[in-house]
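Asker: pasting the structure only:
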């Protein structure tokens, strides 16, 4: 079993900062990419930022220059530093990982997308 656990969400005033963390654990063979998505009420889930195991970064236009994604491959952890937060950044933020699992029992090696449970970020005065 693989688990992704996020932390670091909360309430912050406009212009403030938050740092999200996500740790992947379990029968992980290899992680190919990790990223952050968000979903605001009434809207579709959208990509915020992603990072590959080789260090290739991708950001949504709406967060470029304000958010920074980074990872610690040895710890299977991805971070999202969010600065200059705006009310429109309010959403549930989800961690995502493209990874492969070791075979376990009769279950063969497999690769897929995995998601965390989400953490709420609210930007409000």
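Answerer: Sure, I can see it. If you're wondering where the values come from, they're calculated on a predicted model, not measured in any experiment.
Asker: got the confidence number for the residue nearest to residue 5 when sequence neighbours are not counted?
Answerer: The shortest distance from residue 5 to any residue that is not its chain neighbour, by C-beta to C-beta, 6 or more residues apart in numbering, is 5.4 Å, and that residue is residue 23. (Glycine included, C-beta is placed from N, CA and C.) For residue 23, the model assigns a pLDDT of 98.
Asker: so where does residue 23 fall, helix or strand?
Answerer: Secondary structure from DSSP states H and E places residue 23 in strand 18-26.
Asker: flag every buried residue along that strand.
Answerer: By neighbour count, with 16 or more other C-beta atoms under 10 Å as the criterion, the buried positions of strand 18-26 are 18, 20-24.
Asker: could I get those residues in CSV, plus columns for distance to residue 65?
Answerer: Formatted as CSV, the entries for these read as follows, by distance: C-beta to C-beta, whole Å:
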residue, distance to residue 65
18, 16
20, 18
21, 21
22, 22
23, 27
24, 27
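Asker: and the next helix or strand past the strand holding residue 23?
Answerer: strand 28-39.
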